[in-house]
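Novice: model this:
(2 chains)
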Amino acid sequence: MSRIAARFAELRAAGRKALIPYVTAGDPNPEVTVPLMHALVDAGADIIELGVPFSDPMADGTVIQQAHERALVHNVSLRDVLGMVREFRQTNVSTPVVLMGYLNPVEIMGYTEFAKAAQAAGVDGALTVDMPPEESHDFLVALREYGIDPIFLLAPTSHQARIRKITGAASGFVYYVSLKGVTGAATLDVSAVAAKLDEIRAETDIPIGVGFGISDAASAAAVARIADAVVVGSALVRRIGENAGTPEKIPATLGSVLNEMRQAMDAG
Amino acid sequence: MGSPDTNIDFAAMPNAEGHFGPYGGIFVAETLMEPLDELREAYERFKSDPDFQAEFDRDLAHYVGRPSPLYHAERWSRELGGAQIYLKREDLNHTGAHKINNTIGQALLAKRMGKTRIIAETGAGQHGVASATVAARLGLECVVYMGAVDVERQKLNVFRMNLLGAKVVPVHSGSKTLKDALNEAMRDWVTNVDDTFYIIGTVAGPHPYPAMVRDFQAVIGREARAQCLQQTGRLPDALVACVGGGSNAIGLFHPFLADRDVAIYGVEAAGDGLDTGRHAAPLCAGKPGVLHGNRTYLMESPDGQIIETHSISAGLDYPGVGPEHAWLKDVGRANYVAVTDKEAMAAFHSITRTEGILPALESSHALAYAMKLAPTMSKDKILVVNLSGRGDKDIHTVATLEGIEI
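Specialist: Down below sits the predicted model:
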């Protein structure tokens, strides 16, 4: 069983929902990332989504675009990000790490080399935003060979046939994008999300994470009632941006924001 | 150049998944997959609908002013001392460039799909103006994304778009140029996908855009082919067009792909020179990767980050290129070359003084290569150059370069 599947099984047995924070690796500098990952775990993260910086983050709103730009000032590459995961794994062997990013850095490294290096570093899942299952055949073969879960997005515009195709290709969990838009966009409509999750559950047993539009403890708790996992990105990354001048404060600041969400989720 | 595979059926490309060999495809976030499918279905339906085609042809004739002339530049040809050069005069189209052929087609499609809002990205502003123009005519709301750097260097076109009723949104992310404008237009589309039609200005982006834009622009090559036969009694020996994203080039090339004796040259922007790294020539000096919805040749770092490009011509200042060009390069059916800013400027002046035609800086790249190629060919050979746009928009750039204040 993969580390991600094991984590969802534990949570399910405990009657809890997963909290998945997203941060961009190397934002605002490469030294912050590993301590920040540990702080997020201490604050209640069940899985960490680590963003791989890219020059053209087309699916992201302003907050995360700026995070990519801050990281790229330091030329943080995909290999550097794998190095950060390897360092994180030296003291944490249980928290799954999912890399989230765009295809081109992976394409340039090569699918097999990426999957092999990711496994060696201790990566558990890979989400490439701009690679739908239709184009993924060779990539999926490489990921499966090295035991990396392919994480795919589902969207409000995904109809039944696509839901079936995507959940058929995914493992670990699927990530439901709660609204039409980019990351950090408007607040979400919980009842519309709940209806779509029912549609997805009719096709699959795979855990469903929900992200985009979760901005505070209340919205995290609301989503935790209907989904298996809550993904929080821009709400955290915004605080990284605000504290970019005092990076030593970032782990504690994000830890307290995340912990509020954790408590609200666990309180039901 | 490899030797062209004589069995390739160029008309059958791309395949159903939008692939030109390993290039093209659909690389977008999930939210856009169904809308792209809807667009593909609508396009397939209208492509073979005689009413749609008749309306498109009517607009091209009476609104754009087609067919555009194929003009024998006799004096320039004589001066260069080689092949006879014929100019396909896309600069004489309404709005001053080939861009309008495509925006007319996509706007008609948008209207038939019931979309009420048009968005577009623009670099030099020509595609933005062409989009704002058709939106004004059809009464559609229009938002144009433009890099903040380009807004500054193309003020005249920003004002033209405003006069046409479009809203121009400056994009401040990344390198603040065309690629960032495209990112921002994609973000708008993903957010407003229900009522919005995204008019991409070149033969790049996710399927079906590269094929659809090519089909709308192929009128250039169909006309040129017929005009050349009519005026000279035979096909040209070579075609030359500039390549940024590559829409004017593919428009000229595509109807000639099966004519194996017609040599094809796409001209990229070498900027300060290919060896300086300051250029915009992904086919000549880049490598394959994935950006903006398709796999193609890109200007990228060894880590896969997209790098900043440089060209004197804003319309060629783009790190990618249409996937069909990537494929034509690999199969050897077309040759891709590059000319520098300086060579393009020299061609700009040469044709202006010799023929009384003031070309766009983009088109000046094609003309600069023609100046190299023509003298290597005998006087009975025929060279067709796509004069894709007029140079009025570039007057300020040219004046600044010469140290003249207007």
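Novice: Only C-alpha atoms from now on, for both contacts and neighbour counts.
Specialist: OK.
Novice: For the closest residue to chain A within the stretch 1-150 of chain B, which non-adjacent residue is closest in space?
Specialist: Closest residue of the stretch 1-150 of chain B to chain A, C-alpha to the nearest C-alpha: B:Val28 (4.2 Å). Leaving aside its sequence neighbours, B:Val28 sits nearest to A:Asp130 (C-alpha to C-alpha, 6 or more residues apart in numbering or on different chains; 4.2 Å).
Novice: residues in contact with the residue of the stretch 151-268 of chain A found nearest chain B?
Specialist: Each residue of the stretch 151-268 of chain A has a distance to chain B, by C-alpha to the nearest C-alpha, and the smallest belongs to A:Gly181, at 3.8 Å. Under the criterion of C-alpha atoms under 8 Å, 6 or more residues apart in numbering or on different chains, the contact list for A:Gly181 reads A:Ala59, B:Arg187, B:Asp188, B:Val190, B:Thr191, B:Asn192.
Novice: And A:Glu49, by the same measure?
Specialist: Taking C-alpha under 8 Å, 6+ apart as the contact definition, A:Glu49 lies against A:Ile20, A:Pro21, A:Tyr22, A:Val23, A:Val97, A:Val98, A:Leu99, A:Met100.
Novice: need the next SSE after whichever strand or helix holds it, C-terminal direction.
Specialist: A:Glu49 belongs to strand A:48-51 when assigned by DSSP states H and E. Following strand A:48-51 in sequence order, the next helix or strand is helix A:62-73 (DSSP H and E).
Novice: count of residues packed around A:Ile163?
Specialist: Residues near A:Ile163, counting by other C-alpha atoms under 10 Å in any protein chain shown, number 21.
Novice: Return the residues of chain A in contact with chain B.
Specialist: Taking C-alpha under 8 Å from any C-alpha of the partner chain as the criterion, chain A approaches chain B at residues A:54-61, A:65-66, A:69, A:77-78, A:103-109, A:129-132, A:135, A:153-159, A:180-182.
Novice: now the residues you listed: which count as buried?
Specialist: A:54-61, A:65-66, A:69, A:77-78, A:103-109, A:129-132, A:153-158, A:180-182 (16 or more other C-alpha atoms under 10 Å in any protein chain shown).
Novice: just checking, what's the longest strand in the chain?
Specialist: Went with chain A since none was named. Looking only at chain A and at elements set by DSSP state E, the strand with the highest residue count is strand A:18-24.
Novice: Wait, chain B was what I had in mind.
Specialist: In chain B, with assignment by DSSP E, the single longest strand is strand B:263-271.
Novice: That one: how far from the chain's middle?
Specialist: Relative to the centre of its chain, strand B:263-271 is centred 12 Å away, using C-alpha atoms, centre = their mean, to the nearest Å.
Novice: cool, stretch B:272-291 as well?
Specialist: For stretch B:272-291, the separation from the chain centroid amounts to 17 Å (computed by C-alpha atoms, centre = their mean).
Novice: Show me which residues of that stretch are buried.
Specialist: With burial defined by 16+ other C-alpha under 10 Å, the residues of stretch B:272-291 counted as buried are B:272-274, B:277-291.
Novice: what's the answer for stretch B:233-245, then?
Specialist: Applying a neighbour-count criterion of 16+ other C-alpha under 10 Å, one finds B:Leu235, B:Pro236, B:Asp237, B:Ala238, B:Leu239, B:Val240, B:Ala241, B:Cys242, B:Val243, B:Gly244, B:Gly245 buried in stretch B:233-245.
Novice: Repeat that for stretch B:367-375.
Specialist: Within stretch B:367-375, the residues that count as buried by 16+ other C-alpha under 10 Å are B:Leu367, B:Ala368, B:Tyr369, B:Ala370, B:Met371, B:Leu373, B:Ala374, B:Pro375.
Novice: Please name every helix or strand in contact with the longest strand of chain A.
Specialist: In terms of contacts (3 or more C-alpha pairs under 8 Å, 6 or more residues apart in numbering or on different chains; DSSP states H and E), strand A:18-24 is packed against strand A:48-51, helix A:62-73, strand A:229-232, helix A:234-242.
Novice: Now render those as JSON lines, adding mean pLDDT.
Specialist: Converted to JSON lines, those look like this (pLDDT from 0 to 100):
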{"stretch": "strand A:48-51", "mean pLDDT": "98"}
{"stretch": "helix A:62-73", "mean pLDDT": "96"}
{"stretch": "strand A:229-232", "mean pLDDT": "98"}
{"stretch": "helix A:234-242", "mean pLDDT": "97"}
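Novice: Any idea which of those gets closest to A:Ser219?
Specialist: In this view, the helices and strands packed on strand A:18-24 are compared for proximity to A:Ser219 by C-alpha to C-alpha, and strand A:229-232 is the closest at 9.4 Å.
Novice: neighbouring strands for the closest one, and are they parallel or not?
Specialist: In the sheet containing strand A:229-232, its partner strands are strand A:18-24 (parallel), strand A:208-211 (parallel), by DSSP bridges.
Novice: So which of these is nearest B:Val337?
Specialist: Closest approach to B:Val337 among the strands paired with strand A:229-232 is made by strand A:18-24 (39.0 Å; C-alpha to C-alpha).
Novice: Quick one: mean pLDDT over that closest one.
Specialist: Averaging the model's pLDDT scores along strand A:18-24 yields 98.
Novice: so after that strand, what's the next helix or strand?
Specialist: On the C-terminal side of strand A:18-24, the closest following helix or strand by DSSP H and E is helix A:33-42.
Novice: And that next one, what's buried?
Specialist: For helix A:33-42, the neighbour count (16+ other C-alpha under 10 Å) marks A:Thr33, A:Val34, A:Pro35, A:Leu36, A:Met37, A:His38, A:Ala39, A:Leu40, A:Val41 as buried.
Novice: if you skip the residues just before and after it, what's nearest to the second one?
Specialist: The shortest distance from A:Val34 to any residue that is not its chain neighbour, by C-alpha to C-alpha, 6+ apart, is 5.7 Å, and that residue is A:Phe88.
Novice: Show the pLDDT at the spatially closest residue to B:Ala285 that is not a sequence neighbour.
Specialist: What sits nearest to B:Ala285 in space, not counting adjacent residues and going by C-alpha to C-alpha, 6+ apart, is B:Leu274, at 7.0 Å. According to the prediction, B:Leu274 has pLDDT 97.
Novice: Distance-wise, check B:Leu274 relative to B:Ala226.
Specialist: Going from B:Leu274 to B:Ala226 by C-alpha to C-alpha, to the nearest Å gives 36 Å.
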